[in-house]
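Student: Can you look at this prediction? I've put the sequence above it.
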Amino acid sequence: MAENVSEIVSTLKDQGAKYVRFELPDTHGTSRSKTVPIDKVQGYAERGLNLYGGTLALDTAASVVPGSGLNEEINYADTKLWPDFSTLRPVPWIEGMWKVICDLTFLDGSPVEAAPRFVLKRLLDEAAARGVSVKMGHEFEFYLLDGETMEPFFEGLHIFNSTRNHWVEGIEPLLDALIVQGIDVITHNCEYAASQFEVNFGPGVGLEGADKAFTFKATVKELSQKLGYHATFMSKPWAERAGCGCHVHIGLLDKDSGDNAFLDHTDPDGLSQSAKAFTAGILKHAKAMMPLIGPTPNCYHRLAPHTFAPSNISWGIEDRTAMVRVKASKDDAAHIEMRAASGLSNPYLSAAATLAAGLLGMKNGYPLAPEVAGPSEEDESLEKLPKRLDVALDALAADTAMCELLGAPFVKVFTTVKRHELARFHAHVTDWERNEYMEVY
């Protein structure tokens, strides 16, 4: 390893690198990092870089959360970051800066199983044991706002409008920065609401898919700030404007041949039994998935009919109102699109939730109910998705099969942090309450 890291560091120096940022995708999907001078990189790569062990048990306000197993229970001890150099990329907006995504262990070398990247990695191993590899892509919506007012740059509904696509000067630098980092941008366009955008990029096999999504979101956030803007993936920043979603695209490939395991040319829709069972698994475990794909109270404002966001547990071929939109293309592009995730969801966890539920469907041979006629959101017989985070957390706790696949250490940390956030949320007195009650009472 020393020789390998030495070569990497030497190459970085030849390319003008001065620093390498060791990044950890935290529980919320944001980047926590330490910046390391280039001469210190080899030593930390070989010995590990110490990091406060409770980093994964910080809530969205960076408050230390007790009872998680990572704070007072271990005397607030350190963990160690270990760089995965396959993820090494330049940071094009900071001269001489590179970054690398890291895995996390305890000081004795055992993995921190609550780390989202570890959770997804273990599920990918589970898929491999079933003879398949996982191809995944994430499709995010976000708002680009004035950095001082936090308001949109334009009003109205302008989806795909060519003038609005490049209305904000920061769009081209953002696209360029993504491409330099190996994010294979496919398309860019303005989205449905004012100052809302979408940049689509290609999928990846295994961890690469989620790593790309993590890098994409971190780049949008950080570079926007550098340019004087504010980018937000928040689910529902305004009640009267469109929400920000994340569509998780997943397909399975035969591990030996590379063939699409979701494709069956003998089926009328071109869908294999694996594709149907995988979809059925998502539907059966949909409620337990929700905390991972909708991890804040605000996420649940987005899930409403006639918003192109799913409101019930449903599937359909090319149905944009369904939770699972099946892309039954009858060729190698056949895959499923899980549309219920929030734009702010952690890409490792939205993928993990979708994959865990789908693998349970395949393992247990769940049958797939026929798709409904017409848009799924119009069918009142279909069960609704949870409308609150506390209800979704209860559903996860009750789903022992999902909890087992996700791992007890992760479930403990994640749910403890989310319950802590919810307690703060419920203790807050809102403007609505003051406006509604202060005068009349």
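Tutor: Yep, that arrived. Numbering: from 1, shown residues only.
Student: okay, CA-based contacts and neighbour counts for the rest of this
Tutor: Noted.
Student: Give me the buried stretch members for stretch 417-435, please.
Tutor: By 16 or more other CA atoms under 10 Å, the buried positions in stretch 417-435 come out as 417-422.
Student: nope, stretch 233-246 is what I meant
Tutor: Buried, per 16+ other CA under 10 Å, within stretch 233-246: 233-237, 242-246.
Student: Next secondary structure after the helix or strand hosting residue 136?
Tutor: Secondary structure assignment for residue 136, by DSSP states H and E: strand 132-146. Remark: after strand 132-146, the chain's next helix or strand is helix 162-165, criterion DSSP H and E.
Student: Quick check: chain neighbours aside, which residue is closest to the residue positioned nearest the centre of the chain?
Tutor: Residue closest to the average C-alpha location in the chain (CA atoms, centre = their mean): residue 347, at 1.7 Å. Using CA to CA, 6 or more residues apart in numbering and skipping residues adjacent in sequence, the residue nearest residue 347 is residue 210, 5.7 Å away.
Student: quick one: residue 212 and residue 183 touch, right?
Tutor: Yes: under the criterion of CA atoms under 8 Å, residue 212 makes contact with residue 183 at 6.4 Å.
Student: where along the protein do the helices fall?
Tutor: Counting by DSSP state H, the segments of the chain that form helices are 2-14, 41-47, 116-129, 162-165, 171-180, 207-226, 273-284, 286-293, 347-364, 389-398, 400-406, 408-427, 431-437.
Student: Any chance of the ones you listed in TSV with mean pLDDT and distance to residue 251 as columns?
Tutor: Converted to TSV, the helices of the chain look like this (pLDDT from 0 to 100; distance: least, CA to CA, whole Å):
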stretch	mean pLDDT	distance to residue 251
helix 2-14	89	33
helix 41-47	96	34
helix 116-129	98	11
helix 162-165	89	30
helix 171-180	96	24
helix 207-226	97	11
helix 273-284	98	8
helix 286-293	98	18
helix 347-364	98	10
helix 389-398	98	24
helix 400-406	98	19
helix 408-427	97	25
helix 431-437	95	44
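Student: Any idea which of the ones you listed gets closest to residue 88?
Tutor: Evaluated with CA to CA, those place helix 2-14 nearest to residue 88, the distance being 9.7 Å.
Student: what's the closest one in contact with?
Tutor: 38, 41-42, 45-46 (CA atoms under 8 Å, 6 or more residues apart in numbering).
Student: 10 Å instead, please
Tutor: 1, 15, 17-20, 38-43, 45-46, 85, 88, 90, 96-98 (CA atoms under 10 Å, 6 or more residues apart in numbering).
Student: taking those residues one by one, which sit in strands?
Tutor: Judged by DSSP state E, the contacts of helix 2-14 include 19-20, 90, 97-98 as members of strands.
Student: Just name the closest of the residues you listed to residue 366, please.
Tutor: Out of the ones in strands among the contacts of helix 2-14, the member with the shortest distance to residue 366 (by CA to CA) is residue 90, at 44.4 Å.
Student: Let me know the pLDDT of that closest one.
Tutor: At residue 90, the model reports a pLDDT of 97.
Student: so which of the helices of the chain is the most packed in?
Tutor: Among those, ranked by average contacts under mean count of other CA atoms under 10 Å, first place goes to helix 286-293 (a mean of 27).
Student: Export the helices of the chain to TSV and append columns for distance to residue 304.
Tutor: Shown next, in TSV, are those (distance: least, CA to CA, whole Å):
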stretch	distance to residue 304
helix 2-14	49
helix 41-47	47
helix 116-129	28
helix 162-165	26
helix 171-180	30
helix 207-226	25
helix 273-284	18
helix 286-293	15
helix 347-364	19
helix 389-398	15
helix 400-406	25
helix 408-427	21
helix 431-437	21
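Student: Can you check which of these gets nearest to residue 61?
Tutor: With CA to CA, the closest approach to residue 61 among these belongs to helix 408-427: 8.6 Å.
Student: What count of nearby residues applies to residue 52?
Tutor: By other CA atoms under 10 Å, 13 other residues sit near residue 52.
Student: need the contact list for it.
Tutor: With the criterion set at CA under 10 Å, 6+ apart, residue 52 makes contact with 70-71, 76-80.
Student: For it, which residues count as its bridge partners?
Tutor: residue 78 (DSSP bridges).
Student: Quick one: end-to-end length of stretch 68-81, please.
Tutor: Its start and end residues considered, stretch 68-81 measures 20 Å (CA to CA, to the nearest Å).
Student: buried ones in it?
Tutor: 68-71, 77-81.
Student: Touching, residue 356 and residue 292? I think so.
Tutor: No: with contact defined as CA atoms under 10 Å, residue 356 does not reach residue 292; the gap is 11.4 Å.
Student: anything in contact with each of these two?
Tutor: In contact with both residue 356 and residue 292: residue 350, using CA under 10 Å, 6+ apart.
Student: quick one: contacts for the residue nearest to residue 134 when sequence neighbours are not counted?
Tutor: Nearest residue to residue 134 in three dimensions, chain neighbours excluded: residue 252, at 4.8 Å (CA to CA, 6+ apart). Applying CA under 10 Å, 6+ apart, one finds that residue 252 lies in contact with 127, 131-136, 205, 258-263, 274-275, 278, 334-336, 355.
Student: Quick check on those residues: which are buried?
Tutor: Judged by 16+ other CA under 10 Å, buried ones among the contacts of residue 252: 127, 132-136, 205, 260-263, 274-275, 278, 334-336, 355.
Student: out of the ones in strands among the contacts of helix 2-14, what pair is the most spread apart?
Tutor: 19 and 90 (10.0 Å).
Student: Right, I'll call it a day here.
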